[in-house]
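**Student:** here's a sequence, model it:
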Amino acid sequence: MDNSKPRPPMRTKNTLKDYFALGEVFGYFFRKPDPARATNFNLRMMHRSNRIAMVMGMAGIIYIIVKLIIRH
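**Tutor:** Numbers count the residues shown, from 1 in each chain. This is a model prediction of the structure:
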């Protein structure tokens, strides 16, 4: 009997392209509503606040990058 622990799957090395893949983020902003899913006011407001938070986060990151570039 083999009592050894199972090995985790081999992980591939992430590339720079993987870190800057923003397709899912932009897909969240521009997707069409799914007619099969029920929607209500709370769900719409939750998605709206998520979008606002993501835009503000990206704006903050861009501001910091520009500030660092101008500083040097």
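**Student:** which stretches of this structure have low pLDDT?
**Tutor:** 1-3, 72 (pLDDT under 70).
**Student:** ok, longest helix in it?
**Tutor:** What stands out as the longest helix in the chain, according to DSSP state H, is helix 41-71.
**Student:** buried residues in it?
**Tutor:** Residues of helix 41-71 classed as buried by neighbour count (16 or more other C-beta atoms under 10 Å): none. From N, CA and C alone the C-beta is placed, and that goes for glycine too.
**Student:** list the helices and strands it packs on?
**Tutor:** helix 23-30 (3 or more C-beta pairs under 8 Å, 6 or more residues apart in numbering; DSSP states H and E).
**Student:** ok, and what's touching the helix it packs on?
**Tutor:** Asn50, Arg51, Met54 (C-beta atoms under 8 Å, 6 or more residues apart in numbering).
**Student:** and if you look at stretch 51-61?
**Tutor:** Val25, Tyr28, Phe29.
**Student:** dump that stretch to CSV, restricted to CA.
**Tutor:** Below are the C-alpha coordinates for stretch 51-61, written out as CSV (Å, rounded to 0.1, in the frame of the first residue of the first chain):
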residue,chain,number,x,y,z
ARG,A,51,-18.6,48.9,-11.1
ILE,A,52,-18.1,52.2,-9.3
ALA,A,53,-15.6,50.6,-6.9
MET,A,54,-13.6,49.1,-9.8
VAL,A,55,-13.5,52.3,-11.7
MET,A,56,-12.3,54.2,-8.7
GLY,A,57,-9.7,51.6,-7.9
MET,A,58,-8.4,51.7,-11.5
ALA,A,59,-8.4,55.5,-11.4
GLY,A,60,-6.4,55.4,-8.2
ILE,A,61,-3.8,53.0,-9.6
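**Student:** the longest helix of the chain to helix 23-30, inter-axis angle?
**Tutor:** 130 degrees (axes from the mean of the first three to the mean of the last three C-alpha atoms, to 10 degrees).
**Student:** and Asp34, what helix or strand is that in?
**Tutor:** Using DSSP states H and E, Asp34 maps to neither a helix nor a strand.
**Student:** next one: it from Ala59, what distance?
**Tutor:** Asp34 sits 28 Å away from Ala59, taking C-beta to C-beta, to the nearest Å as the criterion.
**Student:** alright, I will stop here.
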